[in-house]
Every structure is written in structure tokens, then in C-alpha cells.
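>>> task: produce atomic coordinates for the following.
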Amino acid sequence: MSESHRIVKNTIFLSIANTLPRITQMIVIFIAARLIGDVGLGKYYTIASVVALTNLFSDLGISTSFTKEVSIKKDQASKYFVNLFVVKLFLGCVTYLSLIVITYFLNYSIDIMNAAYIYGIYMAFWAFSGLFLSLFQAFEEMKYSALLWGVSGILNLVISVFLLYNGANFMSPVWGLTVGSVVSFIIGALIVRGQIKFSLSYLDWNFLKQNLKLAFPFAINSIFSSIYFRINSIILSKLVTEQVMGWFGSAFKMLDNLLILPQFFLGAVYPVMCRLYRESQERFRSILNQSLRVIAIGSFPISIGLFMLSQKTILFLYGPDFIGGTLSLEILSFALLAIFFTSFQVITLMSMGKMKIVNLVGGINIFLNSFLSYVLISTWGANLSLNGAALSTLVCEVFGLIIFTIYFLKKGLFNKESFYLLFKPIISGTIMGVIVYLIRDGNIFISVIVGIVVYFGVLLLMKGLSEKELKIVKSLFKKNDLTKVENVE
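The predicted structure is shown next:
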């Protein structure tokens with residue numbers, strides 16, 4: 001199977017793996033929004049933010065490093081897995097202890113603290129399952145990832161909706177997520193048991209120490225990412241009411257859900273880039289340019305469409321009680337565009353082992369986000385409330401995009417041709433945005449469908465999709481001779 005075809009196949013499985021639980025969780029949240037209101041949802045978002053922040057201790061870059069090393073040394077998968085699983089056990093205990101300490105010192109209400117402890121169980125089980133998912137990714141067998149996420153998502157939907165319609169409060173989504181994670185962990189353990197040999201004889205302190213050293217840069221990145229993406233929500237939760245937190249949470253949840261879209265593709269291409277960087281610089285650059293094309297084609301219509309339809313999206317998904325989050329969602333739509341490209345740049349740098357620049361930008365953004373959040377949210381500052389939190393995210397993302405782009409230019413990873421790849425998606429996205437704006441008062445589904453048709457119609461007219469890319473897509477639905485796809489220039 002060709003590299004391009006394998007990437008596309010695994011992208012589809014990753015799409016299923018990540019889309020299904022996201023969709024089910026979105027349905028849960030949309031139902032909850034109407035049954036428990038903005039205050040109840042504000043409590044849920046507060047819990048999710050606090051737990052996500054403390055969850056930074058649960059992985060410390062181990063999963064990413066594991067994927068990278070095993071994708072290169074598949075014959076040592078069992079040894080890597082056993083040693084790193086032991087580390088995960090220790091980190092799980094540290095994570096849960098930190099959750100108890102942080103919620104206590106932040107002085108949240110008793111109901112939020114108790115819910116956070118249950119939510120922490122969900123995060124702990126997914127932290128262990130993350131090692132299973134990394135193994136599947138390293139072997140480029142994303143179908144198992146799709147199975148685990150799918151089971152978790154379906155159980156979450158069924159349990160949460162049942163509890164919500166039977167009078168439960170904001171705890172309903174927490175219980176749904178927790179039960180789903182436990183069952184998925186059990187399934188993952190059974191699959192992994194058939195793929196690797198689990199023996200304590202593999203425990204090797206020197207081996208473990210060496211690999212923890214390799215994982216250290218990824219650990220820093222994992223910690224920085226967790227703090228960065230949650231710090232403004234934590235600050236906001238202490239400066240505004242639970243109602244306002246519900247408005248911001250609804251807007252930020254849209255960003256959080258859409259953030260997974262580039263990961264469908266990048267998760268599939270990451271192990272390939274790790275391997276090709278060592279095997280062939282020419283093929284590595286080829287995959288890099290193809291990846292940039294895909295990110296460009298996907299990012300502009302999503303971000304522009306979200307901006308144009310922000311108010312309708314809030315009203316349709318959450319109801320009129322959450323209309324206060326519209327401006328924040330509009331601001332975050334621009335941040336989403338930047339994140340699409342920075343995600344691609346970070347994955348590229350990870351595959352090259354260039355983590356210093358990634359962690360440098362991550363560290364700066366933590367301080368920048370914290371400072372801007374206090375200044376823009378607080379009454380003694382700009383007093384922009386939830387919109388201040390959204391603005392701080394946008395500024396940080398644009399900063400990261402600028403720094404990474406300058407680095408890529410200096411290292412020769414980007415050139416004039418790289419920027420030319422953005423031209424057709426930008427033109428197609430702009431035309432789509434104008435059309436969607438003109439029909440924005442109509443039905444939201446019609447606006448979305450028209451936008452998709454216009455965007456890809458203009459892109460095809462401008463020949464923004466290559467013949468090779470079109471043939472790869474067609475080959476997924478036909479039993480073609482894949483060598484023909486490989487030979488298309």
C-alpha cells in the first residue's frame with residue numbers, strides 16, 4: 001500500500017475515532033444546555049477546565065514520544081509499552097492528587113469539587129487508554145482507535161441523555177464520560193493483549209531512563225499545552241458568574257471540537273513523517289508540502305464559515321440563553337484558522353525532533369495568555385469579560401503562527417511555493433464567505449450546504465485539487481490498481 005493511500009485510509013479511521021465521540025458529546029451538551037441552562041453548563045465547563053489543567057501530569061509527552069519511537073522500532077513495541085505503562089500508573093496517582101489539591105485551593109463550591117473528582121476518573125482512564133491509542137498509531141492501525149472512541153462516545157450519549165431526562169443536573173455528562181472511558185479502557189487492554197507481550201521481565205530502569213529523557217521535550221510541550229489552553233478559562237471562572245462562564249464555554253467548546261479536525265489528518269501523517277525524516281529528505285519534503293495543501297484546503301472554509309454563521313450556530317446548538325457567547329465565537333473563529341496551521345507546524349517539528357522552538361513558543365504563550373486574560377477580563381483592566389478571554393487566545397495563536405513561520409522560512413521548510421499553496425484556498429474561501437454572508441438570514445443548513453458547494457466548486461475551477469489527490473480519494477471507494485495512483489504526477 002502506498003504512503004499516500006495509507007495516510008488517507010488512516011485519516012478516515014482517525015476521523016471516525018475522533019468525530020463520533022465529539023458528535024455524541026456535542027449532542028449531550030446541546031441537550032444539557034436546554035435542560036440545565038447556562039448556569040448549569042457553566043459549572044460543567046468549570047469542572048472540565050480544572051480537570052483538563054490538572055491532567056497535564058498524566059502523560060508528560062509519553063504517548064507522543066512512544067508513537068515516534070515505536071513507529072521506527074516496531075520490534076521493541078512490547079518493551080516500550082511495559083516500561084511506559086508503569087510510568088503511567090505513577091503519573092495517574094500524581095494527577096489525581098493534584099486535582100484534589102488544586103480544587104481545594106481554588107475554593108470552588110462543594111458540588112463542583114465533588115463533580116471534579118468523578119470527572120478525574122474519566123481523565124485517568126483515558127490517560128491509560130492514550131498509551132493504547134499511541135501503539136495503534138505507531139503501527140498505523142487506526143481502526144482500533146476508531147473502535148475505542150466509538151464505544152466511549154455511544155455509551156456517553158446513552159447514559160448522559162438518560163440521566164438528563166430523568167432529572168439529573170450538570171453531573172449527567174460527567175457520569176456518561178466516566179462510564180464510557182472505563183469500558184473503552186477494558187476493550188483497549190484486550191486488543192493490546194493480543195498484539196504485544198506483557199511481561200515484567202521487560203522492565204529495565206536504564207531503558208526507561210533513556211526513553212524518559214527522550215520524552216522530556218514532549219513532556220514540556222504537553223504541560224505547556226494543557227496550561228495554555230485552560231488558563232484563561234480558569235481565570236474567567238474566578239472573575240465572572242457561572243452564567244457568563246456558560247456563554248464562554250459554549251463558544252470555546254465549538255473551538256475545542258473543531259480543533260480535532262486537523263488532528264484527523266496530522267495524526268495519520270505524523271508517524272510517516274517521523275520515518276521519512278530519517279529515510280529520505282526528498283520524500284519528507286514532499287509529504288510536508290502535501291500536508292500543507294490539505295491543511296490550507298480544510299482550514300479556510302471552516303474558519304470563514306464559522307465566523308459568518310456564529311450567531312446562528314449559537315442559537316441553533318445552544319438556544320437563546322447562550323446568545324451572549326456570539327462575539328467570543330466570532331473572535332475564536334480567527335484563532336481556529338491560526339491553530340490549523342500551527343498544529344501542522346508543531347507536528348512537523350516534532351517529527352524532526354526540533355522541540356526547543358515548540359516549547360519556547362509554548363512557554364511564552366502561557367505567560368502571554370495569563371497576562372492578557374487578567375488585563376482584558378478583569379474590571380480593573382479592559383473589563384471585556386468573556387470576549388477578553390477569546391481575544392487573549394487569538395493574540396497568542398497569531399503570535400505562535402508568526403514565530404513558527406519565521407522559523408520555517410529560515411530553515412528552508414517554507415518557500416515562495418509554500419505561500420502559493422495558500423492562494424487558491426484563500427480565494428475560494430473568500431468567495432464562499434461572501435455568498436454565505438448574503439444568505440446568512442436563511443436556514444443554517446442551506447447556508448452550510450451552499451457554502452460547501454461554492455467553496456469546492458471554485459477550488460475545482462481554479463484547479464486547487466491535483467489529479468493525484470482526486471485519484472487517491474477515488475481509490476478509497478474502488479478496488480483500483482494503487483500503483484496507478486502512485487505514478488500520477
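>>> any buried residues in the one helix or strand Phe371 maps to, and which?
Assigning secondary structure by DSSP states H and E places Phe371 in helix 355-377. Across helix 355-377, burial judged by 16 or more other C-beta atoms under 10 Å covers 355, 357-359, 361-366, 368-370, 372-377. Glycine gets a C-beta too; all of them are placed from N, C-alpha and C.
>>> packing partners for that helix?
When contacts are defined as 3 or more C-beta pairs under 8 Å, 6 or more residues apart in numbering; DSSP states H and E, helix 355-377 packs onto helix 205-239, helix 326-352, helix 385-410.
>>> okay, the angle between the second one and helix 385-410?
I take that to be helix 326-352. If you take axes from the mean of the first three to the mean of the last three C-alpha atoms, to 10 degrees, helix 326-352 sits at 30 degrees to helix 385-410.
>>> packing partners for helix 326-352?
If you count contacts as 3+ C-beta pairs under 8 Å, 6+ apart, helix 326-352 packs onto helix 62-72, helix 205-239, helix 242-258, helix 260-279, helix 281-308, helix 310-317, helix 355-377, helix 385-410.
>>> try 6 Å this time
helix 242-258, helix 260-279, helix 281-308, helix 310-317, helix 385-410 (3 or more C-beta pairs under 6 Å, 6 or more residues apart in numbering; DSSP states H and E).
>>> let's have those in CSV, adding mean pLDDT.
Shown next, in CSV, are the helices and strands packed on helix 326-352 (pLDDT from 0 to 100):
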stretch, mean pLDDT
helix 242-258, 88
helix 260-279, 79
helix 281-308, 89
helix 310-317, 92
helix 385-410, 93
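>>> just put these in TSV and tack on distance to Ser181 and mean neighbour count.
Formatted as TSV, the helices and strands packed on helix 326-352 follow (distance: least, C-beta to C-beta, whole Å; neighbours: other C-beta atoms under 10 Å):
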stretch	distance to Ser181	mean neighbour count
helix 242-258	17	24
helix 260-279	17	20
helix 281-308	28	19
helix 310-317	24	18
helix 385-410	27	21
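>>> among those, which comes closest to Ser160?
helix 242-258 (14.7 Å; C-beta to C-beta).
>>> give me every residue that touches Ile304.
429, 433 (C-beta atoms under 6 Å, 6 or more residues apart in numbering).
>>> can you check Thr46 too?
112, 237, 245.
>>> quick one: the residue nearest to Phe414 when sequence neighbours are not counted and Ser280, what's the gap?
Distances taken as C-beta to C-beta, 6 or more residues apart in numbering place Phe408 nearest to Phe414, at 4.1 Å, with adjacent residues excluded. Distance from Phe408 to Ser280, counting by C-beta to C-beta, to the nearest Å: 20 Å.
>>> Thr379: neighbour count?
If you count neighbours by other C-beta atoms under 10 Å, Thr379 ends up with 8.
>>> element containing it?
Applying DSSP H and E, one finds Thr379 in no helix or strand.
>>> from Ser370, how far out is it?
From Thr379 to Ser370 the distance is 17 Å (C-beta to C-beta).
>>> helix/strand/coil for Tyr108?
coil (DSSP: H, G, I helix; E, B strand; the rest coil).
>>> from Lys43, how far off is it?
Tyr108 is 9 Å from Lys43, by C-beta to C-beta.
>>> more neighbours, the two?
Set Tyr108 next to Lys43 and count neighbours by other C-beta under 10 Å: Lys43 wins out with 23 against 20.
>>> may I ask which helix or strand encompasses the more buried one?
Assigned by DSSP H and E, Lys43 belongs to helix 3-54.
>>> so for that helix, mean pLDDT?
Averaged over helix 3-54, pLDDT sits at 78.
>>> contacts only, for Ala115.
Contacts of Ala115 by C-beta under 6 Å, 6+ apart are 47, 171, 174.
>>> mind checking pLDDT for it?
The model's pLDDT for Ala115 equals 85.
>>> so which residue is smack in the middle of this protein?
Among the residues of the chain, the one closest to the centroid is Ile260, at 3.7 Å (C-alpha atoms, centre = their mean).
>>> picking up where we left off before, in TSV, list the contacts of Ala115 along with neighbour count and distance to Met26.
Output for these, formatted as TSV (neighbours: other C-beta atoms under 10 Å; distance: C-beta to C-beta, whole Å):
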residue	neighbour count	distance to Met26
Ile47	27	17
Met171	21	19
Val174	26	16
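>>> just those now: which is nearest Leu56?
Ile47 (16.1 Å).
>>> quick one: pLDDT of the residue nearest to Lys79 when sequence neighbours are not counted?
Closest residue to Lys79 apart from its sequence neighbours, by C-beta to C-beta, 6+ apart: Tyr202 at 4.6 Å. With respect to pLDDT, Tyr202 scores 73.
>>> what's the answer for Met142, then?
Looking at Met142, its pLDDT is 71.
>>> so how far is Gly40 from it?
36 Å.
>>> quick one, which of those two is more surrounded?
The neighbour comparison of Met142 against Gly40 (other C-beta under 10 Å) goes to Met142, with 25 against 19.
>>> need phi/psi at that one.
Main-chain dihedrals, Met142, degrees, to the nearest 10: phi -70, psi -10.
>>> and Ser109, by the same measure?
The phi/psi pair for Ser109 (degrees, to the nearest 10) is phi -70, psi 160.
>>> can you get me a residue count around it?
11.
>>> contacts for stretch 247-257, please.
22, 45, 236, 318, 322, 324-325, 328-329, 332, 336, 386, 389.
>>> can you dump the C-alpha atoms of it in PDB for me?
Output of stretch 247-257 as PDB, limited to C-alpha atoms (Å, rounded to 0.1, in the frame of the first residue of the first chain):
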ATOM      1  CA  TRP A 247     -21.600  31.600  27.500                       C
ATOM      2  CA  PHE A 248     -17.800  31.400  27.000                       C
ATOM      3  CA  GLY A 249     -17.800  27.700  27.500                       C
ATOM      4  CA  SER A 250     -20.300  27.200  24.700                       C
ATOM      5  CA  ALA A 251     -18.100  29.300  22.300                       C
ATOM      6  CA  PHE A 252     -14.900  27.700  23.400                       C
ATOM      7  CA  LYS A 253     -16.400  24.200  23.100                       C
ATOM      8  CA  MET A 254     -17.100  24.900  19.500                       C
ATOM      9  CA  LEU A 255     -13.400  25.800  19.000                       C
ATOM     10  CA  ASP A 256     -12.400  22.700  21.100                       C
ATOM     11  CA  ASN A 257     -14.500  20.400  18.900                       C
END
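>>> ok so, going back, what is the nearest of the contacts of Thr46 to Val192?
Among the contacts of Thr46, and counting by C-beta to C-beta, the member closest to Val192 is Ile112, at 34.9 Å.
>>> what's near enough to touch the closest one?
By C-beta under 6 Å, 6+ apart, the residues touching Ile112 are 43, 46-47.
>>> give me the three-state assignment for it.
helix.
>>> now the one 10 residues further on
For Tyr122, the reduced secondary structure class is helix; criterion used: three-state DSSP.
>>> residues in contact with it?
So Tyr122 contacts 177-178, 181 (C-beta under 6 Å, 6+ apart).
>>> repeat that for Tyr455.
Tyr455 neighbours (C-beta under 6 Å, 6+ apart): 301, 428, 432.
>>> what about the last one, which helix or strand?
It stands for Met432. Using DSSP H and E, Met432 maps to helix 416-438.
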